[in-house]
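**Q** model this:
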Amino acid sequence: DADGHRRRTGQIAGSRPPFDSALALAEIEKAYGRPASEVFAEFDATPIASASIAQVHFAKLHAADGGHEVAVKILRPGVEKRFADDLSSFFFAARMMERFSREARRLRPVAAVEMLDHSMKLELDLRMEASAISEMAKTTADDPNFRLPAVNWPLTGRQVLTTEWIEGTPISDIATLRAK
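**A** Alright, predicted model coming up:
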């Protein structure tokens, strides 16, 4: 469970400090139009993983919704604006490069920034990640050594992704992986 994970590791997995739990709860309410307590029977406000664009929380559905344990991935508040601001600067620099440098013009920096813009819009829409998870799960369904979590589509949107909870072994735990 999430508490067990934190007890085993002593820390939150991830590459960036987590954002405030009150912000996570506010994002849940914004995404679902109701408080986390109405959506989940349990919602651990302390994240189990935190990265540059999102963090993940452990939760449990109400018995009426199956009572299953789930992982809830929430985009960092304001991350979309930060990327938009950065891309605006990139576009400015790329346009200047194309305008004033013949050598740079052949590299098409504006086109490169446009591709980055498109990629970031996909990355910041958790429905796209959910689709990729579902597609890959179908592709690997017959592989007994590989399993992906099922997406909970009613609780998945642009800024929140909910999947079934799966216990796993971190890829960094080589000894346990070898033992298995």
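**Q** I'd like to know how far the residue of the chain positioned farthest from its centre sits from residue 26.
**A** Relative to the centre of the chain, the most outlying C-alpha is that of residue 102, 39.7 Å out, by C-alpha atoms, centre = their mean. Look at residue 102 and residue 26: by C-beta to C-beta, to the nearest Å, they are 50 Å apart. Just so you know, the C-beta spots here come from the backbone N, C-alpha and C atoms, and that holds for glycine as well.
**Q** now residue 177
**A** Distance from residue 177 to residue 26, by C-beta to C-beta: 38 Å.
**Q** Between these two, which has more neighbouring residues?
**A** Shown here are residue 177 and residue 26; by other C-beta atoms under 10 Å, residue 26 has more neighbours (15 against 11).
**Q** Ramachandran coordinates for the residue farthest from the centre of the chain?
**A** Main-chain torsions, residue 102, degrees, to the nearest 10: phi -60, psi -40.
**Q** cool, and residue 134?
**A** Reported as degrees, to the nearest 10, the phi and psi values for residue 134 are phi -60, psi -40.
**Q** List the contacts of it.
**A** Contacts here follow C-beta atoms under 8 Å, 6 or more residues apart in numbering; on that basis residue 134 touches residue 151.
**Q** what do you get if the cut-off is 10 Å, keeping everything else the same?
**A** 148, 149, 150, 151, 153, 156, 163 (C-beta atoms under 10 Å, 6 or more residues apart in numbering).
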